[in-house]
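Asks: let's see this in three dimensions:
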Amino acid sequence: MALAGLYRRNLPSPPAIEFASPDGKQLFKEALEGGTAEGFFKLISYYQTQSEPAYCGLATLSMVLNALAIDPGRTWKGPWRWFDDSMLDCCEPLEKIKSKGISFGKVACLAVCNGAQVEPFRTDQSSLDNFRRRVVSCTSSEDCHLIVSYSRAVLQQTGTGHFSPIGCYHAGKDMVLILDVARFKYPPHWVPLSLLWDAMNTIDNSTGHRRGFMVISRCQKAASFLYTLSCRDEHWGTVAKYLIEDVPLLFASENLKNVNDALCVVLKSAPPGLLDIIKWIVEVRREDDSNTILSDEEKRRLVLKEEVLKQIRKTELFKHVMRYLAFASSTCNSVAPLNNKDGLADIAADICCQGAELLTGKIWSSNGFCCKETNVKLLKADNKEPVTMVSSTVITDGNEQRVDMLIPSSQMEPSSSDFDQNSCCRVHPSIADGLTVLLFSLPPDAWLRLKEEKLLAEMKGLTSVDSLPTLLREEVISASFSFYFALKFLVFPFRP
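Replies: Numbering: from 1, shown residues only. Predicted coordinates:
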């Protein structure tokens with residue numbers, strides 16, 4: 001009886017040479033002797049097969065992140081923290097990737113979001129010689145790995161665009177070993193480096209941009225603790241263009257006199273989704289972790305989050321943001337992009353869906369997740385202030401998932417100021433906290449079109465990161481880097 005489906009493909013050879021063939025083994029032996037197979041052993045230790053036909057970019061990246069020993073900071077299954085392709089959804093919903101695949105820019109964005117340092121090069125931004133130098137550098141070290149995005153057709157293989165890591169380089173034959181993550185289709189194989197360059201130097205029809213390669217290494221800077229910029233939201237491109245292109249033009253067209261005027265211009269005219277691009281990082285607990293005792297790791301992360309929150313609220317910029325929000329509220333001057341509720345009950349309803357997204361890998365939609373029995377608990381922690389935990393049962397696709405999230409808090413001392421004391425004393429992450437981090441994260445030249453020199457100097461001082469406490473400075477620098485990276489490779493890919 002014939003079985004439906006396909007069992008592997010014959011590897012077109014030439015141009016490829018199968019890794020496990022006698023010639024492939026000899027190439028590997030010589031590459032190892034030549035010192036350009038140093039990264040191979042780390043990669044092969046974490047070699048995985050993509051779990052979906054369109055997950056080649058996700059499987060490649062999770063393999064590289066594990067090879068670099070980057071801690072994902074969240075559990076995979078049971079107590080284990082581990083990268084799996086089903087976890088890489090911070091830049092694009094998994095359901096969308098499953099049906100349409102993922103672009104070069106989005107893979108690079110995912111790498112940044114998950115704590116890696118990334119140097120991406122489309123072929124029109126690089127050269128064959130530079131590619132060869134990068135291949136030699138990465139295959140001669142365990143500290144970085146190289147991912148290629150290429151057209152299979154150029155290699156006479158079936159399929160279209162594909163991602164995989166490079167495992168070795170043979171200098172004498174000028175060939176590279178592709179550790180193909182679609183192992184159900186093709187085994188690892190050697191190809192001429194120049195031919196692989198030709199395969200990368202093709203147009204991805206889904207984006208209109210050329211393919212290329214990226215060098216991935218461990219990030220030397222601290223990752224975000226409390227907030228992250230998300231390019232996954234559908235409004236990301238519109239909001240980013242508004243902040244970078246429209247805001248300076250608005251500054252140049254109006255005579256603004258003070259900080260409140262400047263904030264009014266930025267916030268009142270903002271498109272929908274302004275707050276959706278900055279998310280506070282949810283501390284998710286799986287059902288089997290949900291007890292009344294906090295682990296040492298949970299305590300450590302909460303302490304860091306709470307310290308960042310405290311430092312945000314001590315900045316002068318935060319105080320100006322609070323004054324503006326209080327002013328807009330008191331004058332019934334609606335700020336459309338900020339019409340989010342900020343109470344603990346509203347936070348609970350919102351983050352239960354965020355937690356469900358993290359556990360299921362699916363983006364929320366009006367008919368997707370249904371949260372029921374959402375409630376707030378207080379957990380004791382070593383005779384300190386109790387920790388707030390939101391607990392809910394989420395229903396998606398007919399299945400129930402228990403989601404528990406720990407919420408950071410920061411006790412604020414009352415101060416004598418002219419804005420809402422109740423809002424000021426809010427202890428959980430609020431709209432004002434997120435806006436403050438977002439304003440800190442904008443490029444410094446975003447304020448240069450302000451006409452009033454005194455106001456320009458004040459805004460530059462308020463948004464400067466130089467004098468911020470270390471934790472908050474690292475938080476802002478991380479967010480700024482993510483903002484810049486996403487702008488360069490997702491919103492304005494053709495700009496220098």
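Asks: only C-alpha atoms for contact and neighbour calcs from this point on.
Replies: Noted.
Asks: helix or strand for Leu177, which one?
Replies: Using DSSP states H and E, Leu177 maps to strand 175-178.
Asks: any regions of the stretch 251-400 of the chain where pLDDT drops low?
Replies: 279-295, 330-387, 389-400 (pLDDT under 70).
Asks: what are the buried residues along stretch 124-136?
Replies: Residues Phe131, Arg132, Arg134, Val135, Val136 are the ones in stretch 124-136 that count as buried (16 or more other C-alpha atoms under 10 Å).
Asks: got the CA positions of the host helix or strand of the third one in PDB?
Replies: Read that as Arg134. Using DSSP H and E, Arg134 sits in helix 128-139. The C-alpha atoms that make up helix 128-139 are tabulated as PDB, following Å, rounded to 0.1, in the frame of the first residue of the first chain:
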ATOM      1  CA  LEU A 128      31.700  38.200  -1.700                       C
ATOM      2  CA  ASP A 129      35.100  38.900  -0.100                       C
ATOM      3  CA  ASN A 130      33.500  40.300   3.000                       C
ATOM      4  CA  PHE A 131      31.200  37.300   3.300                       C
ATOM      5  CA  ARG A 132      34.200  35.000   3.000                       C
ATOM      6  CA  ARG A 133      36.100  36.900   5.700                       C
ATOM      7  CA  ARG A 134      33.000  36.600   8.000                       C
ATOM      8  CA  VAL A 135      32.700  32.900   7.300                       C
ATOM      9  CA  VAL A 136      36.400  32.400   8.200                       C
ATOM     10  CA  SER A 137      36.100  34.400  11.300                       C
ATOM     11  CA  CYS A 138      33.000  32.600  12.600                       C
ATOM     12  CA  THR A 139      34.100  29.100  11.700                       C
END
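Asks: partners of whichever helix or strand comes after it in the sheet?
Replies: Using DSSP H and E, the next helix or strand after helix 128-139 towards the C-terminus is strand 144-151. Strand 144-151 pairs in its sheet with strand 161-170 (antiparallel), strand 212-218 (antiparallel), by DSSP bridges.
Asks: which of those strands is buried the deepest?
Replies: Counting by mean count of other C-alpha atoms under 10 Å, strand 161-170 has the highest mean neighbour count of these, with a mean of 27.
Asks: so what touches that strand?
Replies: 27-28, 30-31, 34, 36-40, 43, 56-57, 60, 64, 135-136, 139, 145-152, 175-181, 204 (C-alpha atoms under 8 Å, 6 or more residues apart in numbering).
Asks: switch the cut-off to 6 Å
Replies: Among residues not part of strand 161-170, those counted as contacts by C-alpha atoms under 6 Å, 6 or more residues apart in numbering are 31, 36-37, 40, 56-57, 60, 139, 146-151, 175-181.
Asks: so Ile166 bridges to which residues?
Replies: Here Ile166, judged by DSSP bridges, has bridge partners Leu146, Ile178.
Asks: how close does it get to Phe104?
Replies: 16 Å (C-alpha to C-alpha, to the nearest Å).
Asks: burial count for Ser206?
Replies: 10 (other C-alpha atoms under 10 Å).
Asks: only alpha carbons, please: show the one helix or strand Trp190 maps to as PDB.
Replies: Using DSSP H and E, Trp190 maps to strand 189-192. Provided in PDB are the C-alpha atoms of strand 189-192 (Å, rounded to 0.1, in the frame of the first residue of the first chain):
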ATOM      1  CA  HIS A 189      26.000  19.400   2.800                       C
ATOM      2  CA  TRP A 190      29.000  21.300   1.400                       C
ATOM      3  CA  VAL A 191      28.500  23.900  -1.300                       C
ATOM      4  CA  PRO A 192      30.900  26.300  -3.000                       C
END
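Asks: contacts only, for the most centrally placed residue in the chain.
Replies: What sits nearest the mean C-alpha location of the chain, by C-alpha atoms, centre = their mean, is Cys113, with 2.4 Å. By C-alpha under 6 Å, 6+ apart, no residues touch Cys113.
Asks: swap in the one 5 residues further on?
Replies: In this structure, Val118 makes contact with Val215, Ile216, judged by C-alpha under 6 Å, 6+ apart.
Asks: helix/strand/coil for it?
Replies: strand (DSSP: H, G, I helix; E, B strand; the rest coil).
Asks: that one bridge partners, please.
Replies: Ile216.
Asks: where does it land on pLDDT?
Replies: For Val118, the pLDDT comes out at 91.
Asks: and Gly212, by the same measure?
Replies: pLDDT, Gly212: 96.
Asks: what's opposite it in the beta bridge?
Replies: Arg122, Ser149.
Asks: my read: it touches Met200, true?
Replies: Yes: Gly212 lies in contact with Met200 (C-alpha atoms under 6 Å); the separation is 5.1 Å.
Asks: strands of the stretch 1-150 of the chain, residue ranges please.
Replies: 17-18, 75-77, 80-81, 116-122, 144-151 (DSSP state E, counting those that start in this stretch).
Asks: weakest of these by average pLDDT?
Replies: Looking at the strands of the stretch 1-150 of the chain, the bottom one is strand 75-77 with a mean of 78.
Asks: that concludes my questions; thank you for your assistance.
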